[in-house]
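What follows is a predicted structure for the sequence shown.
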Amino acid sequence: MKNVPLLSFAAVVVFTAAAVPLAPARAADLFLNDEPEIYAAIDKLNAAGYLPGLLANTRPYSMQAVRAAAEAASQASVPEGFDGELLRWLLSYSVPTTMGRVTAAVSHSDARFIPPNNEGLPRPKGWSAQGSIAAREETTPYLSAQLRAASFRGEGRDDEGNRLLDTSIEAGYKYASIQAGKLSTWYGPGRNGALIFTNNAAPYPGVRIRNPEPIPLTGWFKFLGNVQYDIFAARMEKTPGFSHHTLVGMRVAARPAGWLEIGLSRALHYGGDGRSNGLSEFATSFSGNNDPAGRSNTLAGYDITVTLPFPFQPVQAYWDRAGEGDNRFLGTGLPWPSQWGNILGLYFPKLLGSSRLDLRAEYADNYSGYGKTASWYSHGAYPHRYRGDVLGHPMGGGSRDWFVGSRYYFLPSTFAEVSYEKILHDKGVQPSIGFPGERRSRISAGFTGWLNHSWRAEAHSTIDRVTNEGGVPGSTGTDFSAFVAVSYQTYTFSGTAREN
């Protein structure tokens, strides 16, 4: 069996988690792509200090975790003004036990491209139409399910497709559950991108073991506060080399204090057709042994988030550091990367005293220092990609990225946003012989909001200016794209829940 190593390890994790007091879990995930207003609300309330027990940097969140965090915040002390409205709206949104949504969208683009963190869904050149469905149900206290699918049609023959997105069944308790189906994940505090895992690529088939709600530790480990683990194994697609190899993702995060969240993340590609897929191979690759070269591909990293909820001007600062390579940590034998990348970010959930206005700035870099020698996402045997799209930061390897974005909230569920992003692709650049790096500047604007209880609208536009496209001197142009979507959503409630 290809996943024997993970299943063996998973059994240990489940058994350990089962040793703590158990309670039923309704654990259906929120969707990374379809519900950005939920993630925006959680980020804003978390950075303002109102969700001190929620681990915000392992996504997607479970509905149960969001509900529990919102209820705890409302029972502690509901903030005044707009922050209080935002908390009450988040609590209201998380109450339904069944949700269904149908979406129709239209787009126009000067050139075909795949928007960052869009699950690999393209914007075809010219006019195109897209339809999608989403459903979430908490069938019993022990079982939940979700379904997402999309279909798009463009003007060209190659711009038609149907995609099954996040679709899975999850069973278990709030401290230990198993999820199987099409999965996606996001590890780290970066919001424009993360170094190891984002939803930039399409969801992948796999099995996940995790705790939907944070575990509050006691005894000797009480100093760690709330803890969360996430482990998954996925089967990659058919490729020219080592088809259907295994991808394993692992993360442990802790929130020892309301102002501090820390996390450790790992990704491991190994096995596939023509190679060993057994327990010993997993153990060898997991230990960082990459002899002979190309035996596996590992990425590992850590992240730190500090939240300072000052009343007038709260601020959240974060650092995500991850790398490739198979060095050892201080001679201990523990695997430790040598070719590092970094994300540094600042988030202001309230700007200049206005709770309706926020600002985020991020810098991502996997090209500086020893990162210049890394294969970042383009490993010769096991590229960190799925269906051709990067599993990590959408800027790609050998790149640097500056991002600044701001939202203004009209209502807790409705906001306008604007952003600017500058991307420098330098990997493989040789200026001495006339191959300059590719440079991109993107200006984006958008609107996301609810027209009433059931109808939702979303609109986005992007101006993308590229210089030296593909490293070709003088290849310069500017492309414009626009996207408009309208959704109808329906809900049902459990016998004890009611709409706020």
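Everything's here; your move.

which residues sit in contact with the most centrally placed residue in the chain?
Geometric centre of the chain, nearest residue: residue 186, 2.6 Å, by Cα atoms, centre = their mean. By Cβ atoms under 8 Å, 6 or more residues apart in numbering, the contact set of residue 186 is 32, 58, 59, 60, 194, 197, 198, 199. From N, CA and C alone the C-beta is placed, and that goes for glycine too.

For the stretch 251-400 of the chain, just list every one of the strands.
Secondary structure of the stretch 251-400 of the chain (DSSP state E, counting those that start in this stretch): strands at 260-270, 297-308, 315-324, 327-328, 335-336, 339-348, 357-365, 385-386, 389-390, 399-411.

Now tabulate those in a markdown table and tack on distance to residue 125.
Below are these laid out as a markdown table (distance: least, Cβ to Cβ, whole Å):
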| stretch | distance to residue 125 |
| --- | --- |
| strand 260-270 | 32 |
| strand 297-308 | 33 |
| strand 315-324 | 34 |
| strand 327-328 | 44 |
| strand 335-336 | 44 |
| strand 339-348 | 31 |
| strand 357-365 | 28 |
| strand 385-386 | 23 |
| strand 389-390 | 18 |
| strand 399-411 | 24 |
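
Which of these comes out lowest on mean pLDDT?
Lowest mean pLDDT of the strands of the stretch 251-400 of the chain: strand 327-328, a mean of 60.

For residue 210, state which of the contacts of residue 186 is nearest.
For the contacts of residue 186, the residue nearest residue 210 by Cβ to Cβ is residue 58; the value is 8.2 Å.

Now do the helices in this protein.
Remark: helices assigned in the chain by DSSP state H are 4-18, 36-47, 63-76, 81-93, 279-286.

returning to that earlier point: for the residue nearest to the centre of the chain, give the beta-bridge partners.
Assessed by DSSP bridges, residue 186 has beta-bridge partners residue 59.

ok, now how distant is it from residue 73?
22 Å (Cβ to Cβ, to the nearest Å).

One more: residue 149?
Noted for residue 149: a distance of 34 Å to residue 73, by Cβ to Cβ.

When these two are compared, which one has more neighbours?
Neighbours per residue (other Cβ atoms under 10 Å) separate residue 149 from residue 73, with residue 73 holding more: 24 against 16.

isn't the more buried one right next to residue 45, touching?
Yes: with contact defined as Cβ atoms under 8 Å, residue 73 reaches residue 45; the gap is 7.1 Å.

and stretch 303-318, how far out from the chain's middle?
Centre-to-centre, stretch 303-318 and its host chain are 20 Å apart (Cα atoms, centre = their mean, to the nearest Å).

now swap in stretch 97-112 and tell me
Taking the mean of its C-alpha atoms, stretch 97-112 sits 19 Å from the chain's own mean (Cα atoms, centre = their mean).

So which bits of that stretch are buried?
Buried residues in stretch 97-112, counted by 16 or more other Cβ atoms under 10 Å: 97, 98, 99, 101, 103, 105, 107, 108, 109, 112.

same check, this time on stretch 463-470
By neighbour count on 16+ other Cβ under 10 Å, the buried set for stretch 463-470 is 464, 466, 468.

And the helices of the chain: which comes nearest residue 478?
helix 36-47 (26.0 Å).

quick one: low-confidence ranges for the chain?
Applying pLDDT under 70 to the chain flags residues 1-27, 288-291, 293, 325-335, 428-436, 494-500.

Mind doing that once more with 50?
Counting by pLDDT under 50, the chain shows low-confidence ranges at 1-25, 430-434, 495-500.

Going by distance to residue 244, which of the contacts of residue 186 wins?
The nearest member of the contacts of residue 186 to residue 244, counting by Cβ to Cβ, is residue 197 at 19.5 Å.

can I assume residue 336 is in contact with residue 299?
No: counting by Cβ under 8 Å, residue 336 sits too far from residue 299 to count as a contact (11.9 Å).

Which one's more surrounded, these two?
Neighbours per residue (other Cβ under 10 Å) separate residue 336 from residue 299, with residue 299 holding more: 27 against 15.

partners of the more buried one in the sheet?
Using DSSP bridges, the beta-bridge partners of residue 299 come out as residue 267.

who are the neighbours in contact with it?
Neighbours of residue 299 in contact, by Cβ under 8 Å, 6+ apart: 195, 196, 266, 267, 322, 323, 324, 337, 384, 392.

which ones are touching the fourth one?
Think residue 267. Going by Cβ under 8 Å, 6+ apart, residue 267 touches 196, 197, 247, 248, 249, 250, 298, 299, 300, 384, 391.

ditto for the second one
Residues touching residue 196, when contacts are defined by Cβ under 8 Å, 6+ apart, comprise 187, 188, 249, 265, 266, 267, 299, 300, 301, 322, 391, 392.

Return the member of those residues nearest to residue 154.
Of all the contacts of residue 196, residue 154 sits closest to residue 391, with 24.9 Å by Cβ to Cβ.

Might one say that the closest one is in contact with residue 200?
Yes: assessed by Cβ under 8 Å, residue 391 is found in contact with residue 200 at 6.9 Å.

Not counting sequence-adjacent ones, nearest residue to residue 62?
Leaving out its chain neighbours, the residue that sits closest to residue 62 by Cβ to Cβ, 6 or more residues apart in numbering is residue 212, at 3.7 Å.

what about that neighbour, how many neighbours?
Neighbour count for residue 212, taken as other Cβ under 10 Å: 25.

Next up, phi/psi of it, please.
Backbone torsions for residue 212, taken as degrees, to the nearest 10, come to phi -60, psi -40.

Check the contact between it and residue 174; I expect there is one.
Yes: the pair residue 212 and residue 174 qualifies as a contact (Cβ under 8 Å) at a distance of 5.5 Å.

which stretch among the strands of the stretch 251-400 of the chain comes nearest residue 81?
strand 399-411 (11.5 Å).

Nearest residue to residue 339 in space, ignoring adjacent ones along the chain?
Leaving aside its chain neighbours, residue 339 sits nearest to residue 374 (3.5 Å; criterion: Cβ to Cβ, 6+ apart).

ok, that neighbour - contacts?
Counting by Cβ under 8 Å, 6+ apart, residue 374 touches 323, 324, 325, 339, 341, 366, 397.

picking that back up, distance check, the residue nearest to the centre of the chain against residue 282.
Taken as Cβ to Cβ, the span from residue 186 to residue 282 is 24 Å.

Also residue 468?
Counting by Cβ to Cβ, the gap from residue 468 to residue 282 is 42 Å.

Residue 469 too?
Taken as Cβ to Cβ, the span from residue 469 to residue 282 is 41 Å.

now swap in residue 154 and tell me
Residue 154 is 41 Å from residue 282, by Cβ to Cβ.

The two: which has the busier surroundings?
Using other Cβ under 10 Å as the criterion, residue 154 and residue 282 rank with residue 282 on top: 25 against 21.

quick one: contacts for residue 301?
Taking Cβ under 8 Å, 6+ apart, one finds 188, 195, 196, 264, 265, 320, 321, 322, 323, 337 in contact with residue 301.

Could you report the neighbour count for the residue lying closest to it once chain neighbours are set aside?
Residue nearest to residue 301 in three dimensions, not counting chain neighbours: residue 322, with 2.6 Å by Cβ to Cβ, 6+ apart. By other Cβ under 10 Å, the residues close to residue 322 number 28.

Quick check: residue 156 touching residue 124?
Yes: applying Cβ under 8 Å, one finds residue 156 in contact with residue 124, separated by 6.3 Å.
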